[in-house]
Each structure stands twice: as C-alpha cells, then as structure tokens.
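Chemist: Sequence unavailable; structure follows:
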C-alpha cells in the first residue's frame, strides 16, 4: 500500500442527505442511485489525487495532499451530481465538509481532533453544500476553481469541539448557493448563546432528556416562579438534543407577547414560515412534516397560548415542544416538570458545601465579578447561608454574587439580613417570589438616588432600547452624570444587560422579573404616566422617519429597525389606547399610520388589524388626517383578508374625510383600495373608473409612491379581463416608477406580474429568464406576500 499523505493534509467528509427517506421512496431503485453517487464521487476523488480512507453506506472520508485539490474535488463532484439523471426523478444531494490540519497517521489511517473537526463540519452542512474550515479557506483563497468564491458563514460551535470555528461556503457557477443556516449548536438551531454556563442542573438535564426521548412524549412544560432558571434549563436541554432533530431546534422568545395572533407570528418568524394571518397560510405545510424541536419561552401572559400549542401539535406530528411558563397549559399531551430551586447545602463541611448546586452557581458568578474569589473554609458558611436565605433561586443568587467585587460574603449576608424583615409584608406572594423581589430590591438599594430614578425609567422599555431612546425618556432627569455611566452602573449590579444591536450600537435589556420590579417602583414613585408618555413620543419619533423609507432603497434597513423596536411600539400603543385622551389617541393614530406599511408587507396583518380597529374606535369618527390614514390602512387590511364589503365602507369614510380636508395623499390611497375592492366584488366598471381617477390624481400631484401600486392594480384588472398586452404596459410602467424611486418591493411585485402576463401570452422563455432574479429579490425582501405571489407564479 502506498504511503499515506502526511504533514498538513486536507480531509473531506461527505454524506448523502435524506438517504433513509430516499430508500423508502425509491425502493429497489435506491441501489442504483447509491451506485451512481459512489461512482461520481470516486471519479472526482481520483481525478484530484484523493486517497479514500473509508466509506460507510453513502458517506466517504477522503484525504488530499493539498487544500486546492480537496476543494477542486468537491466542486467537481457537486457539479457532476447536479447534472446526473437519477432514477425515478430523485434528487441526490450530498453534503461535504473540508478541514486542513495535521492528523496523526496510525495503523493505516488518521486519528486526532482534526479528523473529528472535519467530520463535524460536514455534519453541519446541507445537501449540495460544501463547507470549509478557516484553515482550508486560508489555504485556497488564491487558488479556487475558475469562477468560484467563498462566503463567510461566521463563527459556529461544533458538537464536542471546545473552540468555535469560522466556516466558509464554497460557491461556484452552476451550483446552488442558498441554503438554510448551518446545523451547528446554537446557530442554525436559533438557540441563544448564554453568557454563562448552566450550573447545578445535570440531574434534571438527564431526567428531561430521557423524558423527551420516550415514545409519545411531544410536549414538556417547565414551570416555576420567575427567577428559577426555566429558560436557561430549556436552552441547555435543547442544545443537548440538536443531533436528534434533523430539521432543526428552534428558540422562540415570547416574554413580550400577550395574544395568540402575535404568538403565531413569532413562531413563524423563527421558523422562516410565511407569518401572515391568525394561523399563517402555508405554515403547517412548512412545518407539518419536519422533525423539529421548538422551545416556546414564557407563555404565562399569553391569552390563548394553550390553543396555539394544541393546534401546532395536532397539525405537525413530528414536532416536539418544550415550553416554559409560570403555570401549566393543562393540555392532555403535556408533561409538566416543575423547575425547583438549586440544591442547597445540607452539610457544614467545606466539601459538602462545595457540592451544592446553589453554592457552585454563587462561586462561578462571584468569580466573574472578582476573578480572585475562592470558596474557603473562612467564607463557606456565609456563602451557604446566603444561598439558603435566597431559597436557591438562581436569579437571586446571581444578583447577590455580582456584588462580590465590593462585598465579602459576610457583608452581603448582613445586608440580606437587614432587608429580610420586609418579607412578611407581601403576604399575597409565594415565599420564593417574595425572596426574589427583595433580592432585586436589595440591588436597587445599592444604587444612588439618581441611578434609581434612571433604573425605574428603564422599566418602560420592552425588548430593550438603544442609548438614544433611553436618553429621550430620561430627558427630564437631573444631568448630574453621564447617562452612559449610569447605565453601566446599573449593568454592573446585574439589573440590566447589554447586547449589540443590528447597527452595532449597544442595546440595553432587562430580565422580565427585574423589569416588573422597575415598573412597580416607577408607579409607586408617581412617575409612570409621564414616563409612558415620553416613551410613546420617542417611539413615534423613531417610527415616523422610517415610514418615509418604505418606498426607498433603504426599506430593508427600515424594516429591520422596526422589527427590533416592535415590542416598544406595541407598548406605546397599549398606553395610548388605555384610558385614551385626545392627546393619546393622536399618538395612537400617528403610530398606526407610521407602522401600516410594516404590518402589511411583513406578515403582521392580524395584529395590525387589531391595533387599527382599536385606534379607529378610540378616534370616534373624528375627521382628521390621522383617522383618514388609519381608515385607509384598515380598509387595505380588510381587502387583503378577503372582507371587501367592509373594506369599501372604511375606504369610503377615509376618502370622505380626505376630500373635506383637501388631503390628496390619503385620498389617492383610499381610492386605490376602493378600486381593488370593487374588482374583487366583480364590479369591474366601478373598479376601472375609480382606479383611473386615482391614477389621474397621483399624476396631477406628482405622487409617485402612490402611483406605483395603482399602475400595478390597473394591470391586474386588464389581465383579469384577458387584455394581457395592455396589462404588460401598466406593469412595465409600475416597474419603471418603482426603479426610479428605488422601491425594491414594488419593483419585484411588478416584475412578477410581468412574468405572469408573459406566460399568459405564450412567451414562456422570456418569462423564465426573469424568474431567478424575481425569486431572489422576493427572498431577500422577506415579504411573505411577494414570496407567495412568486411561488404561485
């Protein structure tokens, strides 16, 4: 046998995706498909000098002298697989991973972590995808196959590999380039990456894993009061089960959601399903046959959460759910697991105290605050007493341990003792909730008066806030210190956390239990009404300029910002519509007007309708520009949901108000909805006249943003009547106007309409040439309506 390549070699692992389902579908023809795959791959390996180290079933392990040879072999193999005519119309997709390193040569083969790393990289890929390690990418950057390029997929945590790995995707002409996220821990599976380790839960993890692996178990609910670590345990459990669910493990945060409509939308967003309607159309087609694990976090405040969970379990038989809540869902399929506090020390020796999960958590978090902290025979009793006083609640322990930079365990225990007399005053709270509340209160008392006022105001933010918005809500507070310094002080005592926003700027968040405390303190100080007003005015100021970007090249950035701030805007609307005054209704009307495009384009129809209906009702028929705008938006939502008679009523009222106030912008929009609603009700003459009137008004007022959709709607009207050449004229003009404005959403919709009309006139080749660009744009925009239109085409 020839000597194996040694030194730095490149290892390629490959594996056929979905081989079990292919075997079931192809039957005897599977053998032919398997032989074809092997012949193609072996020919590619041999052509590039690869040494086959092993094959098992449909997988290969091949070693190459150089990274360039390995990459060339992978690209050649994928192209050959793509061009092969497979039996019974099957599609054979092979995932490949390549890593370059220095494995040990042993007993005619290779061993070492580099081999394991290469295998894990291959396992993270999807069928048809080639993924490279950073080591391989560095070696081949200047030596890629002709026309090929690399896409940086970011850093990923591979199973059983301690360090993260930066991964790259090999792309080449003629090969697919769009794939789902990599199947790596906490990345492709959408699991949040905790800032700290999970301590003291090994026994529960083993018990829950065993439960979820039991036949017929599809719903496990982790229950317990706030601060017990339900979310952290759920994430740790899900991370251990990533390999058991080939179609993904997903985390859906729901702490700020209160209704079933928004819960459906949140689930759909995380699973990349079209998030439109009460139960999104196509949602169950998207997840119905997927073997997936979904973590639904924080359900207790959601009205109808039990129905959502029941519907999801019924319609998606291979989906398994982990939910966290302060109370069970009371469903037949539910297996409730009450998350207890961490284990408390039951011995007085140093060794016995060290074994306690609660003490282990305290020590780890204390060392994070003060690297030199150690559990010793001198402080062990005090640490144990702290953990007992706090009933082993993780959040309470973490908040206390965070003060170790300033306080010894004995000093911290003394401060706890001084505040525990307040425990009995909250007689209507369970003991553990009272203890947690007092622990937060203790950290709050460590702040200066100025810092406390700042902390209380932070409670009005839902889903976090950037520093500009925080500053706007703190505007009337004394300017004795830099707000950034105060935020840092609050973070230092673990009453808030900071993350990086989509724009790279810091974003400050609170745990929900801490936020609830802050709101209570704000109310007790008599500051809640004014803080809510400042918060609502700030987020109106955020949303309004983003509305102006809806028809511009910056619409994607505007959508991303609104996605980030949606929870804050919901909070602002709840305040404005709670005991509404004239001033509060005015704010609600303006926020709804600013958010209308976002709700309609990005899958929030049901939620948007609810806010619009409540706002229009609160406006009480006032004949204002704001009410006309909301009536137009409500009429459009009703039209999109098929309620065209109701849409006509709202659109007529909007048009009437707009005419009386000489508001041409809202009038054009209202006429547009009237026209399309007439068309849906088969009142074609009224539809044509109304849309033409709207077009004339838009041209006369130079309103290009309103003109674009009108041109498209007239084209649709012509197409419905079989006048496809006339339709094409309207669609082409709509596309031209959209391109001039830089509105990619309308441009993509117009081009899709052009494709439909071309197909209808028999110009299929011309239509097919346009489709890739249209489909790519639709996916990039993440507009469910346009994606569905493209799929239908």
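Modeler: Okay, I see it. Model, not experiment: these values are computed from the prediction.

Chemist: going forward, measure contacts between C-alpha atoms and count neighbours the same way
Modeler: OK.

Chemist: which residue packs closest to the most centrally placed residue in the chain, ignoring adjacent ones?
Modeler: Closest residue to the average C-alpha location of the chain: residue 270 at 4.4 Å, with CA atoms, centre = their mean. Nearest residue to residue 270, sequence neighbours excluded (CA to CA, 6 or more residues apart in numbering): residue 252, at 6.4 Å.

Chemist: State whether that neighbour is indeed within a strand.
Modeler: Yes - per DSSP: H, G, I helix; E, B strand; the rest coil, residue 252 lies within a strand segment.

Chemist: For it, which residues count as its bridge partners?
Modeler: Residue 252 has these beta-bridge partners by DSSP bridges: residue 296.

Chemist: so it touches residue 297, yeah?
Modeler: Yes - contact between residue 252 and residue 297 holds when scored by CA atoms under 8 Å: they sit 6.1 Å apart.

Chemist: just to revisit the earlier point, now the phi/psi pair for the residue nearest to the centre of the chain, please.
Modeler: When quoted as degrees, to the nearest 10, the phi and psi of residue 270 stand at phi -70, psi -40.

Chemist: which residues sit in contact with residue 86?
Modeler: By CA atoms under 8 Å, 6 or more residues apart in numbering, the residues touching residue 86 are 33, 36, 92.

Chemist: so how far is residue 94 from it?
Modeler: Distance, residue 86 to residue 94, using CA to CA, to the nearest Å: 13 Å.

Chemist: contacting residues around the residue lying closest to residue 304 once chain neighbours are set aside?
Modeler: Closest residue in space to residue 304, ignoring its immediate chain neighbours: residue 260 at 5.4 Å, by CA to CA, 6+ apart. When contacts are counted by CA under 8 Å, 6+ apart, residue 260 touches 278, 302-305, 308.

Chemist: Got the phi and psi for residue 260?
Modeler: For residue 260, the backbone dihedrals are phi -60, psi -40 (criterion: degrees, to the nearest 10).

Chemist: any idea how far it is from residue 607?
Modeler: Separation of residue 260 from residue 607 (CA to CA) stands at 10 Å.

Chemist: and if you look at residue 488?
Modeler: Residue 488 is 36 Å from residue 607, by CA to CA.

Chemist: and the two? which has more neighbours close in?
Modeler: Neighbours per residue (other CA atoms under 10 Å) separate residue 488 from residue 607, with residue 607 holding more: 19 against 15.

Chemist: How about the contacts made by that one?
Modeler: Residues near residue 607 by CA under 8 Å, 6+ apart: 261-262, 599.

Chemist: Residue 267 too?
Modeler: Residue 267 makes contact with residue 252 under the criterion CA under 8 Å, 6+ apart.

Chemist: ok, back up a step: out of the contacts of residue 607, grab the one that's most surrounded.
Modeler: residue 261 (25 neighbours).

Chemist: Hmm, it is touching residue 605, no?
Modeler: No - here residue 261 lies out of contact with residue 605, judged by CA under 8 Å, at a distance of 9.4 Å.

Chemist: Show me what the longest helix along the chain is packed up against.
Modeler: In the chain, assigned by DSSP state H, the helix with the most residues is helix 555-577. Using 3 or more CA pairs under 8 Å, 6 or more residues apart in numbering; DSSP states H and E, the elements in contact with helix 555-577 are helix 528-547, helix 582-601, helix 605-619.

Chemist: go again using 10 Å as the cut-off
Modeler: For helix 555-577, the elements it packs on are strand 465-466, helix 528-547, helix 582-601, helix 605-619, helix 744-760, helix 764-781, judged by 3 or more CA pairs under 10 Å, 6 or more residues apart in numbering; DSSP states H and E.

Chemist: Residue 312: which of these is closest?
Modeler: Taking CA to CA, helix 605-619 is the member of the helices and strands packed on helix 555-577 nearest to residue 312, at 18.2 Å.

Chemist: for that closest one, which positions count as buried?
Modeler: Buried residues in helix 605-619, counted by 16 or more other CA atoms under 10 Å: 605-609, 611-612, 615-616, 618-619.

Chemist: I'd like those residues laid out as TSV, including pLDDT and distance to residue 724.
Modeler: Shown next, in TSV, are the buried residues of helix 605-619 (pLDDT from 0 to 100; distance: CA to CA, whole Å):
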residue	pLDDT	distance to residue 724
605	90	31
606	90	33
607	93	36
608	95	34
609	96	34
611	97	39
612	97	36
615	97	41
616	96	39
618	96	45
619	94	43
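
Chemist: would residue 328 count as being in a helix?
Modeler: No - if the criterion is three-state DSSP, then residue 328 is coil and not within a helix.

Chemist: how far away is it from residue 308?
Modeler: Applying CA to CA, the value for residue 328 to residue 308 is 14 Å.

Chemist: ok, those two, which is more surrounded?
Modeler: Under the criterion of other CA under 10 Å, the comparison of residue 328 against residue 308 puts residue 328 first, with 21 against 18.

Chemist: would you list every one of the strands in the stretch 351-500 of the chain?
Modeler: Taking DSSP state E, counting those that start in this stretch, the strands of the stretch 351-500 of the chain run over residues 465-466, 497-500.

Chemist: what lines up beside the last one in the sheet?
Modeler: Spelled out, that is strand 497-500. Partner strands and pairing direction for strand 497-500 (DSSP bridges) are strand 506-509 (antiparallel).

Chemist: tell me which residues of the strand it pairs with are tucked away?
Modeler: 507-509.

Chemist: what does the helix or strand just after it contact?
Modeler: Next in sequence after strand 506-509, counting helices and strands by DSSP states H and E, comes helix 512-524. Around helix 512-524, the neighbours that count as contacts under CA atoms under 10 Å, 6 or more residues apart in numbering are 225-227, 255-256, 298, 395, 433, 436-438, 440-441, 444, 452-463, 494-496, 509-511, 525-529, 531.

Chemist: And stretch 362-372, by the same measure?
Modeler: Residues from elsewhere that reach stretch 362-372, judged by CA under 10 Å, 6+ apart: 196-197, 199, 354, 356-357, 359-361, 373-375, 380, 383-384, 386-387, 392, 394, 396-406, 409, 492-493.

Chemist: For it, the averaged confidence score.
Modeler: The pLDDT scores in stretch 362-372 average 92.

Chemist: next one: stretch 407-427
Modeler: Averaging pLDDT along stretch 407-427 gives 63.

Chemist: any idea where the helices of the stretch 301-450 of the chain begin and end?
Modeler: Using DSSP state H, counting those that start in this stretch, the helices of the stretch 301-450 of the chain run over 305-315, 350-354, 357-369, 380-389, 394-401, 409-419, 431-445, 449-458.
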